[in-house]
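Chemist: Compute the structure for the input listed below.
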Amino acid sequence: MSNSIPKRILPVIVLAQFAGTSLWFAGNAVIPDLVQELQLTDMAIGYITSAVQVGFIAGTLLFAFLSVADRISPSKVFLGCAITGAACNVATVYSDTFLLLMVSRFGTGFFLAGIYPVGMKIASDWHKEGLGKALGYLVGALVLGTAFPHLIKYFSADLPWKIILFATSAFSGFGGILLYVAVPDGPHQGKKGEFRPTVIFQLFKNPNFRSAAFGYFGHMWELYTFWAFVPIMVGFYKEINTEFFGSIPLWSFVIIGIGGISCAIGGYWAIRSSSKKVALASLIGSGFCCLLVPVMFELPFYLFMGFLLGWGLFVVSDSPQFSTLVAQSADRDYVATGLTIVNSIGFAITIVSIQLVNLMWISWQSPFVFLVMAIGPLLGAISIMQYGVSGKRDETKAVT
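Modeler: Sure, this is the predicted structure:
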């Protein structure tokens, strides 16, 4: 039962997840410095972000194919990946060519595959009940971890840019060690799964798993493109308007980081309603934001920022609920494999959306290019509405 779980477990998992995922956008936070240092082109934004995503996809595919976190203690996997990911992040500092920069960011993404989905696997091993709430906190930690480098950049404005990469790497290593020491394997962990490459195809035969997965794919089309372009949106507003307060890094942190609050709120709402309803409401809300964004740049400063903050709330609040639905509908012995392969495909989709928007932005420099993101929430909403209508009972309200 959930009341027998030691009180330290969830906070430690959340802190470790926050620490590990701070590696994700560390490169984006120092893009202007990297562009100047290596004389990069305008395409650098998309390439630096996509290198991490490609690395994550490669890592998740390998981890899923080998069922790594279903066969090895997930805490050990998390520790190893937190430390090696930190090392790759530090290597970014010493990358004196574009190729080395891409390799270091790829390596960072590769080992994030043993942090983000494995952290969710650990949470599901401890929380058979209340999983939606637990993953709400956990994805909230991912959101704050993603935004964290922007905050470091704001406070270290007068310090060398390399400080951001050293700080996030040290934080990641600390998180991995903390989780390994404080969180043993959970009581609801399935038996150690055998190496079965065909299990991935078997998982997608489950209509509820398929519906949750495809809903998540639509969500991912929008999410990381929005996060990658938040500094660009804020910077563009600053260029075309005379009124601007604060700094781009600080606003970027707040707009991205506020999603951590909505993830936690969505987790509590899922207990009262269902994960499916929270996911659907979030997709509808963020979809409307996608459609409205072209006309928002003419608004007064605080109204524009209020709009981006609202978008930041809606854009990620469905993520933990999709993970809950995927975990609940997957074979118990292969939960980590299910989460990992869905993450892998989802992040492959982000590369397409990020590069598409990046190319359109470079060509037209128009806010209308952001309308492309609306495709994701639309298709995701259509898919998640099919969850639980295949004749199987929707258990997500009872277990979330």
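
Chemist: which residues sit in contact with residue 146?
Modeler: 21-22, 24-25, 227, 256 (Cβ atoms under 8 Å, 6 or more residues apart in numbering). Every C-beta, even on glycine, is put in place using the N, C-alpha and C of the backbone.

Chemist: Mind checking what secondary structure it has?
Modeler: helix (DSSP: H, G, I helix; E, B strand; the rest coil).

Chemist: quick revisit: who wins for most neighbours among the contacts of residue 146?
Modeler: residue 22 (30 neighbours; other Cβ atoms under 10 Å).

Chemist: list the contacts for that residue?
Modeler: 145-146, 148-149, 168, 171-172.

Chemist: Check residue 35 too.
Modeler: With Cβ under 8 Å, 6+ apart, residue 35 has these contacts: residue 44.

Chemist: what's the distance between it and residue 24?
Modeler: 19 Å (Cβ to Cβ, to the nearest Å).

Chemist: now do residue 385
Modeler: 30 Å.

Chemist: Pretty sure residue 338 sits against residue 326.
Modeler: Yes - Residue 338 is in contact with residue 326 according to Cβ atoms under 8 Å; the separation is 5.7 Å.

Chemist: Now list whatever residues contact both of those two.
Modeler: Common neighbours of residue 338 and residue 326, counting by Cβ under 8 Å, 6+ apart, are residue 209.

Chemist: hang on, the earlier thing: mark which of the contacts of residue 146 are part of strands, please.
Modeler: Here DSSP state E is the test, and those give no hits in strands at all.

Chemist: Pull out the buried positions in the helix ranked longest in the chain.
Modeler: When the chain is parsed with DSSP state H, its longest helix is helix 207-240. For helix 207-240, burial by neighbour count (16 or more other Cβ atoms under 10 Å) applies to 207-234, 236-238.

Chemist: repeat for stretch 69-79
Modeler: In stretch 69-79, counting by 16+ other Cβ under 10 Å, buried: 69-70, 72, 74-75, 77-79.

Chemist: any chance of those residues in a markdown table, plus distance to residue 55, secondary structure and pLDDT?
Modeler: What follows is the buried residues of stretch 69-79, written out as a markdown table (distance: Cβ to Cβ, whole Å; DSSP: H, G, I helix; E, B strand; the rest coil; pLDDT from 0 to 100):
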| residue | distance to residue 55 | secondary structure | pLDDT |
| --- | --- | --- | --- |
| 69 | 17 | helix | 77 |
| 70 | 22 | helix | 79 |
| 72 | 20 | coil | 87 |
| 74 | 20 | helix | 92 |
| 75 | 22 | helix | 93 |
| 77 | 16 | helix | 94 |
| 78 | 17 | helix | 96 |
| 79 | 19 | helix | 97 |
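
Chemist: Just send those residues back as TSV, with distance to residue 40 too.
Modeler: TSV is the format used below for the buried residues of stretch 69-79 (distance: Cβ to Cβ, whole Å):
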residue	distance to residue 40
69	35
70	40
72	38
74	37
75	38
77	34
78	33
79	34
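
Chemist: Would you mind listing the two of these that lie farthest apart?
Modeler: 70 and 79 (16.9 Å; Cβ to Cβ).

Chemist: For the residue lying closest to residue 224 once chain neighbours are set aside, give me phi and psi.
Modeler: Of all residues not flanking residue 224 in the chain, residue 350 sits nearest, at 4.1 Å (Cβ to Cβ, 6 or more residues apart in numbering). Backbone geometry at residue 350, expressed as degrees, to the nearest 10, gives phi -60, psi -30.

Chemist: Spit out the contact partners of residue 350.
Modeler: Counted by Cβ under 8 Å, 6+ apart, residue 350 has contacts 53, 220-221, 223-225.

Chemist: same thing but 7 Å
Modeler: Contacts here follow Cβ atoms under 7 Å, 6 or more residues apart in numbering; on that basis residue 350 touches 53, 220, 224-225.

Chemist: and what of residue 138?
Modeler: Contacts of residue 138 (Cβ under 7 Å, 6+ apart): 13-14, 17, 119-120, 123, 320.

Chemist: How about residue 40?
Modeler: 34, 98.

Chemist: Next one: it from residue 31, what distance?
Modeler: Applying Cβ to Cβ to residue 40 and residue 31 gives a distance of 8 Å.

Chemist: What segments of the protein are strands?
Modeler: Under DSSP E, the chain gives no strands.

Chemist: any idea which helix or strand of the chain has the worst average confidence?
Modeler: Within the chain, no helix or strand scores below helix 396-399, which has a mean of 39 by mean pLDDT, DSSP states H and E.

Chemist: Now tell me what touches stretch 321-336 from outside.
Modeler: By Cβ under 7 Å, 6+ apart, stretch 321-336 touches 67, 69-70, 74, 117-118, 120-121, 124, 131-132, 135, 139, 190-191, 193, 199, 203, 206, 208-209, 212-213, 215-216, 219, 266, 270, 275-276, 278-279, 338-339, 342, 387, 395-396, 399-400.

Chemist: for stretch 114-121, same thing?
Modeler: 13, 16-17, 20-21, 59-60, 63, 69, 74, 77-78, 80-82, 85, 135, 138, 142, 323, 335-336, 339-340, 343.

Chemist: mind redoing it with 8 Å?
Modeler: Contacts for stretch 114-121 (Cβ under 8 Å, 6+ apart): 13, 16-17, 20-21, 23, 56, 59-60, 63, 68-70, 74, 77-78, 80-82, 85, 135, 138, 142, 172, 176, 179, 323, 327, 335-336, 339-340, 343.

Chemist: From the geometric centre of the protein, which residue sits farthest away?
Modeler: Most distant from the centre of the chain: residue 242, at 33.5 Å, with distances by Cα atoms, centre = their mean.

Chemist: so what pLDDT did that residue get?
Modeler: At residue 242, the predicted lDDT confidence score is 91.
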